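[1] Okay, sequence plus prediction incoming.
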Amino acid sequence: MENHLTDATAWEELQISNDFIFGKIMQDPKLCKGLLQRMIDKGEPYKKLKPSYIIFICPFDQFGMGRHIYTFENICKEDKSVSLKDGTTKIFLNAKGTMDDVSPRLKAFLDYVAGKKPADPFVDELEEAVENARKNREWRHEYMTLLMRDQENIEMGMEIGKAKGMEIGISGMVSSLRDFNIPDDDILQKIQEKYSLSLEDAGRYIKMNV
């Protein structure tokens with residue numbers, strides 16, 4: 001699914017492909033069960049299903065083969081006839097699939113993830129749930145709070161990266177100037193001017209490269 005949007009004003013436009021919205025509406029046991037039945041039941045009782053399924057719902061084709069579904073089990077790399085049989089199955093669902101390789105019910109859901117509105121009763125239920133989620137003030141506030149926190153973390157990371165990059169650049173400049181036997185006093189003056197540093201901060205870089 002998609003991560004949080006960067007535009008804080010786009011809450012009213014969020015669709016089921018958004019992680020936050022998807023997670024909220026799937027708290028409804030009926031919707032969650034209905035989706036799982038489209039993905040893996042095939043009419044079989046739950047007790048006959050494999051013990052563990054890991055399911056990825058993607059609005060893009062992760063493997064570029066045009067399939068709606070890619071199913072993986074743990075197979076021996078050296079001998080494909082040997083399987084681990086640990087009961088774990090990984091399923092990648094692709095909303096942009098082009099093959100006729102899934103049931104109409106599952107395809108209707110994937111088309112909905114892709115932004116289409118197929119005629120399907122379950123899709124109608126999902127659409128209603130999404131609309132109700134967008135009207136939920138508490139969820140809107142939670143989403144905006146997470147959005148702001150994500151932005152703050154991004155900005156913090158950029159500042160840390162910028163500071164680290166400047167430190168590497170100054171250290172390299174000090175080393176290069178020393179290779180030309182330029183006195184430390186002159187180097188100190190140059191890095192002060194180039195990087196707008198105080199005498200104390202510039203002196204720290206000189207000491208670091210002794």
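    Alright, I've got the coordinates.

[2] Please report how far F56 lies from T89.
    Separation of F56 from T89 (CB to CB, to the nearest Å): 12 Å. C-beta coordinates here come from the backbone N, C-alpha and C atoms, glycine included.

[3] which of those two has more neighbours?
    In this view F56 and T89 are compared by other CB atoms under 10 Å, and T89 has more residues nearby, 17 against 12.

[4] what residues does the helix or strand harbouring that one touch?
    Secondary structure from DSSP states H and E places T89 in strand 88-94. Residues outside strand 88-94 that contact it (CB atoms under 8 Å, 6 or more residues apart in numbering) are 39-40, 50-58, 60-63, 67-74, 106, 110.

[5] Buried ones only from those, please, as a ChimeraX command.
    Here is the ChimeraX command that selects the buried residues among the contacts of strand 88-94 (16 or more other CB atoms under 10 Å):
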select :39,40,57,58,61,67,68,69,70,106,110
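
[6] what's the burial count for Y143?
    By other CB under 10 Å, 22 other residues sit near Y143.

[7] For it, give its distance to E125.
    22 Å.

[8] so where's the chain uncertain?
    1-9, 42-50, 209-210 (pLDDT under 70).

[9] per-domain residue ranges of it.
    Here the domain parsing of the chain from automatic domain parsing is 8-135, 149-208.

[10] what's the most buried one of those?
    Among the domains of the chain, domain 8-135 has the highest mean neighbour count (mean count of other CB atoms under 10 Å), at a mean of 14.

[11] ok now it, how far from the chain's centre?
    16 Å (CA atoms, centre = their mean, to the nearest Å).

[12] Is N132 located within a helix, as I assumed?
    Yes. When DSSP: H, G, I helix; E, B strand; the rest coil is applied, N132 is found to be in a helix.

[13] name the helices or strands packed onto the helix of greatest length in the chain?
    Ordering each helix of the chain by length in residues (DSSP state H) puts helix 137-179 first. Packing partners of helix 137-179 (3 or more CB pairs under 8 Å, 6 or more residues apart in numbering; DSSP states H and E): helix 19-25, helix 184-195, helix 199-208.

[14] one more time with 6 Å
    helix 184-195 (3 or more CB pairs under 6 Å, 6 or more residues apart in numbering; DSSP states H and E).

[15] Which residues does the helix it packs on contact?
    Contacts made with helix 184-195 from outside it, assessed by CB atoms under 6 Å, 6 or more residues apart in numbering, are listed as 170, 174, 177, 202, 206.

[16] Nearest to G97 among those residues?
    Proximity of those to G97 (CB to CB) peaks at I170, which lies at 51.7 Å.

[17] Give me the phi and psi angles of T71.
    Main-chain dihedrals, T71, degrees, to the nearest 10: phi -110, psi 130.

[18] where does it sit relative to S196, distance-wise?
    Distance of T71 to S196, computed by CB to CB: 58 Å.

[19] what does M156 give?
    Separation of M156 from S196 (CB to CB): 22 Å.

[20] How about S103?
    Distance from S103 to S196, by CB to CB: 64 Å.
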